[in-house]
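In: what shape does this take:
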Amino acid sequence: MSWCSKRSRAAALGLLVAAAPAAARAQSVRESQVQLLGIASRPLFGGAGVGFAWRDESRTRWQAAATLGALDGHGLAGRLDVAYHFLLDPAKRRGSAVYGGAGISVLAGNGRLTPYVLVVLGAENAPGGNGGSFVEIGVGGGVRVACGYRWRKRNAPGR
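Out: Okay, here's the model as predicted:
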């Protein structure tokens with residue numbers, strides 16, 4: 001049984017798609033990342049993936065990440081996360097800074113697509129620099145842990 005109806009899922013996805021172009025126009029930082037992701041639930045999920053994000057000049061980031069991995073006892077699976085992050089100290093060039101976020105996730109595995117609400121709390125090194133490692137904990141289909149590295153390109157796109 002799903003957490004919401006097909007109509008609710010379509011409305012949530014439509015809202016994210018409608019908001020993303022407006023956010024992308026105002027961006028000044030582009031990010032790309034590699035990550036390892038683990039979800040403690042029944043069944044367990046673990047995998048590796050890539051992500052792309054767009055940050056504005058203030059404290060917000062839109063991120064999409066795709067992970068390919070294994071679903072315990074069910075073989076190959078994939079997961080797509082789309083999230084909005086609020087960064088507490090985005091200009092920090094040394095040390096770590098905290099961020100929080102929320103969004104939606106879709107898990108494709110075991111012959112099904114399963115949507116989830118995603119909530120994360122993370123810390124990243126040097127969010128104002130050219131790159132840094134990150135770690136996230138949260139919920140979204142189970143207890144979620146992600147870690148990886150982000151590269152940043154300033155004044156993009158079209159600035």
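In: next, count neighbours for the closest residue to residue 76 other than its chain neighbours.
Out: Once flanking residues are discounted, residue 76 sits nearest to residue 70: 6.4 Å by Cβ to Cβ, 6 or more residues apart in numbering. Quick note: C-beta positions are derived from backbone N, CA and C, even for glycine. Residue 70: 15 surrounding residues under other Cβ atoms under 10 Å.
In: helix or strand next in line after the least confident helix or strand in the chain by mean pLDDT, which one?
Out: Ranked by mean pLDDT, DSSP states H and E, the weakest helix or strand in the chain is helix 6-25, scoring a mean of 57. Beyond helix 6-25 in the direction of the C-terminus, DSSP states H and E gives the next helix or strand as strand 29-40.
In: quick check: buried residues in the helix or strand hosting residue 62?
Out: Using DSSP H and E, residue 62 sits in strand 60-71. Residues 60-65, 67, 69, 71 are the ones in strand 60-71 that count as buried (16 or more other Cβ atoms under 10 Å).
In: show me what it is packed up against.
Out: helix 6-25, strand 29-40, strand 45-55, strand 75-87, strand 96-109 (3 or more Cβ pairs under 8 Å, 6 or more residues apart in numbering; DSSP states H and E).
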